[in-house]
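Trainee: Below is the structure, and that's it, no one-letter string:
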Ligand code: PMV
C-alpha cells in the first residue's frame with residue numbers, strides 16, 4: 001500500500017512568555033515529544049484517526065468540508081496546498097500517534113500540521129522543503145490560534161531553539177542542557193485558556209505600566225543571562241533564572257495556586273529551577289533537575305499532576321519516518 005509517515009517535535013517556552021507580547025524577547029526550544037502522522041491510501045473521504053485526541057472524523061477531499069471543528073486548521077492547510085502549491089487532494093487516511101500532551105501549551109497543533117503536510121506531500125511524490133512546510137503549517141496555525149506569533153510551527157519545522165521578538169522575528173540558537181541535568185515537563189491537567197490569561201496580564205501591565213515596564217525589561221534581560229548560562233553549561237544560574245522568571249510571571253498575574261503548588265513542590269524535592277511554560281493559570285510547568293534527583297522529584301508530585309515527561313531539548317524538526 002502507498003503510504004508515508006513524518007514526525008515533528010513539540011515546544012516549550014523556556015523564558016519570556018507573556019513579556020514577549022509587549023516587545024520583550026522569548027526563548028523557545030524543541031522537545032523530544034513528537035507527533036507522528038501517517039498518510040495511507042483509502043477511498044471516498046479523508047479519514048482521520050487520533051486516539052490521543054479522541055478524534056475520529058473526516059474531511060471531504062472535493063469541497064474540504066469537515067466532520068469535526070478540530071479539523072478546520074487541517075482543511076485550510078489542504079486548501080492552501082491545492083491552491084498555492086498545486087497538489088491534488090486525494091482521498092486518504094491519516095493516523096496520528098503522539099506522546100505530546102494535547103492542549104497543554106506544548107505546540108501539538110503545529111506539530112500535527114507540520115508532520116501531516118510533510119507526510120501528505122511525500123505520499124503524493126513531492127515532499128515540500130522546510131521553508132515551504134513553514135509556510136503551509138502557519139496557515140493551519142492561523143485557523144487554530146487566530147494571530148499566532150509563529151513560534152510553534154517554526155520549532156515544529158526546524159527544531160532546535162529560537163529567540164523571538166515581536167515585530168522583529170526569529171533568531172535560531174543552539175541549545176543544550178548542562179550535562180547531568182534533565183528538563184521535566186509537568187502537565188498540571190488544568191486546561192488553560194491562552195486568550196483570557198493574556199488579556200488579564202495585559203490589563204495588569206497597562207494599569208501599572210510605570211512600575212511594570214521594569215518587570216518587562218527584567219524579563220528581557222533574563223534572556224541574555226539564560227543564553228550565557230546555556231553556553232557555559234551553568235545549571236545553577238539557569239535554574240535560578242527560571243525561578244526569577246517565574247516570580248515575574250506571578251507578579252503580572254500569569255501564575256495560579258495550582259502552578260505555585262507544583263513549582264514549590266518541585267523546588268522542595270530538589271529542582272534547581274521551576275516555572276510555568278506557555279500561558280499559565282493551568283497547562284504545564286517545567287523544571288531543571290539533576291539526573292540523580294529525577295526519581296525523588298517525580299515521587300513528590302505523585303497524585304498531584306496529570307503527567308510528567310523527562311525530555312531532551314533542541315531536537316530535530318519535522319522529518320520523514322521509515323515504516
Ligand atoms: O500556551 P502557549 O504555548 O499558547 O503560549 C502562550 C505564550 C504567550 O506569550 C502567553 C502568548 C503569546 O502569544 O506569545
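Mentor: Received it, and whenever you're ready, just let me know what you need. Computed from a predicted model, the values in this text were never measured in an experiment.
Trainee: Okay, buried residues for the longest strand anywhere in the chain please.
Mentor: For the chain, the strand with the greatest residue count under DSSP state E is strand 25-41. Buried residues in strand 25-41, counted by 16 or more other Cβ atoms under 10 Å: 25-40. Placement of C-beta: from N, CA and C, glycine included.
Trainee: What are the neighbouring residues in contact with residue 153?
Mentor: Residue 153 makes contact with 110, 113, 114, 134, 137, 138, 140, 141, according to Cβ atoms under 8 Å, 6 or more residues apart in numbering.
Trainee: Show me the two of the residues you listed that sit farthest apart.
Mentor: 134 and 140 (11.4 Å; Cβ to Cβ).
Trainee: who's more crowded, these two?
Mentor: When residue 134 and residue 140 are compared for neighbours, residue 140 comes out ahead with 26 against 20, by other Cβ atoms under 10 Å.
Trainee: how much space is there between the closest residue to the ligand within the stretch 151-300 of the chain and residue 74?
Mentor: Relative to the ligand, the nearest point of the stretch 151-300 of the chain is residue 278 (2.7 Å; Cβ to the nearest ligand atom). In this view, residue 278 and residue 74 are 22 Å apart by Cβ to Cβ, to the nearest Å.
Trainee: again with residue 64
Mentor: 10 Å.
Trainee: higher neighbour count, those two?
Mentor: Between residue 64 and residue 74, counted using other Cβ under 10 Å, residue 74 has the larger neighbour count: 26 against 18.
Trainee: May I see the domains of this protein written out as residue ranges?
Mentor: Here the domain parsing of the chain from automatic domain parsing is 3-173, 181-311.
Trainee: Next, residue 74: secondary structure please.
Mentor: helix (DSSP: H, G, I helix; E, B strand; the rest coil).
Trainee: Hmm, it is touching residue 140, no?
Mentor: Yes - using Cβ atoms under 8 Å, residue 74 is in contact with residue 140, at 6.1 Å.
Trainee: which neighbours do these two share?
Mentor: residue 113.
Trainee: In the stretch 151-300 of the chain, where is pLDDT below threshold?
Mentor: For the stretch 151-300 of the chain, no stretch is flagged by pLDDT under 70.
Trainee: Helices of that one, start to end?
Mentor: Using DSSP state H, counting those that start in this stretch, the helices of the stretch 151-300 of the chain run over 151-158, 194-207, 209-231, 235-251, 257-268, 294-300.
Trainee: Now distance to the ligand too, for those, in JSON lines please.
Mentor: Converted to JSON lines, these look like this (distance: least, Cβ to the nearest ligand atom, whole Å):
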{"stretch": "helix 151-158", "distance to the ligand": "7"}
{"stretch": "helix 194-207", "distance to the ligand": "4"}
{"stretch": "helix 209-231", "distance to the ligand": "11"}
{"stretch": "helix 235-251", "distance to the ligand": "9"}
{"stretch": "helix 257-268", "distance to the ligand": "13"}
{"stretch": "helix 294-300", "distance to the ligand": "23"}
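Trainee: Most tightly packed of those?
Mentor: The highest mean neighbour count among the helices of the stretch 151-300 of the chain, using mean count of other Cβ atoms under 10 Å, belongs to helix 151-158: a mean of 28.
Trainee: does residue 171 really touch residue 161, like I thought?
Mentor: No - contact criterion Cβ under 8 Å: residue 171 and residue 161 do not qualify, at 9.7 Å.
Trainee: More neighbours: which of these two?
Mentor: More neighbours surround residue 161 than the other of residue 171 and residue 161, with 22 against 11 (other Cβ under 10 Å).
Trainee: Might one say that the more buried one is in contact with residue 315?
Mentor: No - in this structure residue 161 lies outside contact range of residue 315 using Cβ under 8 Å: 10.1 Å.
Trainee: Select, out of the domains of the chain, the one closest to residue 319.
Mentor: Nearest of those (Cβ to Cβ): domain 3-173, 6.5 Å.
Trainee: Burial check on the residue in the stretch 51-200 of the chain positioned nearest to the ligand, number of neighbours?
Mentor: Nearest residue of the stretch 51-200 of the chain to the ligand: residue 105, at 3.3 Å (Cβ to the nearest ligand atom). Using other Cβ under 10 Å, residue 105 has 25 neighbouring residues.
Trainee: residues from this protein in reach of the ligand?
Mentor: Residues of the chain lying near the ligand by Cβ under 6 Å from any ligand atom: 17, 18, 20, 21, 105, 149, 194, 198, 278, 279, 283.
Trainee: Who wins on neighbours among the residues you listed?
Mentor: Of these, residue 17 is surrounded by the most neighbours, 29 neighbours in total, counting by other Cβ under 10 Å.
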